[in-house]
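Chemist: A structural model of the following input is requested.
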Amino acid sequence: MMGSIVKPKIDVAFKKMFTDKDNRELLKSFISDILDINKASVKEMVILNSEITPDEIDGKFTRFDIFMTVDDIVVNIEIQISNEGDFRDRSVYYWAQNYSGQLKKGEPYSRIKPTISINIIDFSLFSTQDYHSVFTLYDKEHEELLTNKCEMHFFELSKIDNTPDTKDRKKLWMQLINAESEDDLEMLAQTQIPEIIDGVNVVRRFSADDKMRYIAMTREKALRDEISAMHNARESGRKEGREEGRKEGREEGRKEGRKEGRNEILEALAAKYRKMGMSDEETARLLALD
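Modeler: Model (predicted):
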């Protein structure tokens, strides 16, 4: 059966799924699997921006993310559905903000904590067929890591297939986030992995909650409007560019036409002058006066 569910990749649903107080263990499981951290070793998790305001839900161009510290590591998680065309630069910029924003005036640079960004995107960004890419500051020629305080993860949902692999926890989490039907949830529940089943149950509870369904529906509409606005802006820009190009082309064509016409006249005059017995020098002098 193809039951309707609240899609976890809708950013408000994703944030609520992992930041509700009742779901903190789910977030801990997610982080430990995504970053290959032993779950038992995670002693402290502090989420600094767990609240979702009503204005944000139907607002355009709102950024939803989860900013937290895990033990002594700064972790930022963002999910992005639409490709705005500059996501690589944007993700580096946000990572840099989180990295540099830790220090207060007068504090030594050694106080900066390792900073990790986790970017979950619903479009293709890299040429690789792998759904998971990790970037660090690394000298590839001399094989030396500049610092262990920079790590950027990208998970491309568009490259996730529908076949569960119990040996790949990262993929299972991404399949859960990418789920769009009850059949998808049931497939994941069949893995019998407790943490994944917990995630499936959270999505099912959301999907049975009328308020949460309404919030997710409102937010999904806002995201569609955002995508439509960007598409219309790009189309308008392309249309203006084509019109400007045609205008420049017409003007260039007129200039070229006038140039070709003048050349034809000069060639006809030169032939006439030569026929009258004038030398090339005399002909050139007369044409210059023309």
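Chemist: and the next element down the chain from the one helix or strand Gln175 maps to?
Modeler: Gln175 belongs to helix 169-177 when elements are defined using DSSP states H and E. For helix 169-177, the following helix or strand on the C-terminal side (DSSP H and E) is helix 182-189.
Chemist: Please enumerate the helices of the stretch 101-250 of the chain.
Modeler: 169-177, 182-189, 194-207, 210-275 (DSSP state H, counting those that start in this stretch).
Chemist: And the ones you listed, which one averages the lowest pLDDT?
Modeler: Looking over the helices of the stretch 101-250 of the chain, mean pLDDT reaches its minimum on helix 210-275, with a mean of 72.
Chemist: List the residues that contact Ile197.
Modeler: The contact partners of Ile197, taken as CB atoms under 8 Å, 6 or more residues apart in numbering, are Leu188, Ala189, Thr191. Yep, even glycine has a C-beta here, placed from its N, CA and C like the rest.
Chemist: Contacts only, for the closest residue to the second one other than its chain neighbours.
Modeler: Okay, so that is Ala189. Excluding its sequence neighbours, the residue lying closest to Ala189 (CB to CB, 6 or more residues apart in numbering) is Val200, at 5.0 Å. By CB under 8 Å, 6+ apart, the contact list for Val200 reads Leu176, Leu185, Leu188, Ala189.
Chemist: any chance of those residues in a markdown table, with neighbour count and distance to Ile77 too?
Modeler: Compiled in a markdown table, these are given as follows (neighbours: other CB atoms under 10 Å; distance: CB to CB, whole Å):
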| residue | neighbour count | distance to Ile77 |
| --- | --- | --- |
| Leu176 | 21 | 14 |
| Leu185 | 24 | 21 |
| Leu188 | 19 | 20 |
| Ala189 | 17 | 24 |
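Chemist: and which of the residues you listed is nearest to Ser236?
Modeler: For those, the minimum distance to Ser236 (CB to CB) is 38.1 Å, reached by Leu176.
Chemist: Could you check how far the closest one is from Val134?
Modeler: With distances taken as CB to CB, to the nearest Å, Leu176 is found 20 Å from Val134.
Chemist: Apart from its neighbours in sequence, what residue is nearest Lys171?
Modeler: Leaving aside its sequence neighbours, Lys171 sits nearest to Asp165 (CB to CB, 6+ apart; 5.6 Å).
Chemist: residues near the one you found, how many?
Modeler: 12 (other CB atoms under 10 Å).
Chemist: got it, and Gln102?
Modeler: 15.
Chemist: Use 25 as the first number from now on
Modeler: Fine by me, first position is 25 from now on; the one you just mentioned is Gln126.
Chemist: Phi first, then psi, for it.
Modeler: phi -80, psi -30 (degrees, to the nearest 10).
Chemist: nearest spatial neighbour of it, skipping sequence neighbours?
Modeler: Closest to Gln126 by CB to CB, 6+ apart is Ile136, at 5.4 Å.
Chemist: now Ile201
Modeler: Closest to Ile201 by CB to CB, 6+ apart is Pro32, at 4.8 Å.
Chemist: The one you found belongs to a helix, doesn't it?
Modeler: No - if the criterion is DSSP: H, G, I helix; E, B strand; the rest coil, then Pro32 is coil and not within a helix.
Chemist: Can you report how many residues neighbour Tyr162?
Modeler: 13.
Chemist: any idea how far it is from Ile105?
Modeler: 30 Å.
Chemist: Please apply the same query to Leu200.
Modeler: Applying CB to CB to Leu200 and Ile105 gives a distance of 16 Å.
Chemist: what's the answer for Ile34, then?
Modeler: In terms of CB to CB, Ile34 sits 8 Å off from Ile105.
Chemist: Which residues are in contact with each of these two?
Modeler: With CB under 8 Å, 6+ apart, Ile34 and Ile105 have common neighbours Leu247.
Chemist: Between those two, tell me which one has more neighbours.
Modeler: Ile34 (23 against 18).
Chemist: OK, contacts around the more buried one?
Modeler: By CB under 8 Å, 6+ apart, the neighbours of Ile34 are Ile105, Ala240, Arg243, Glu244, Leu247.
Chemist: so where is the stretch 25-174 of the chain shaky, pLDDT-wise?
Modeler: Low-confidence segments of the stretch 25-174 of the chain, defined by pLDDT under 70: 25-27, 77-86.
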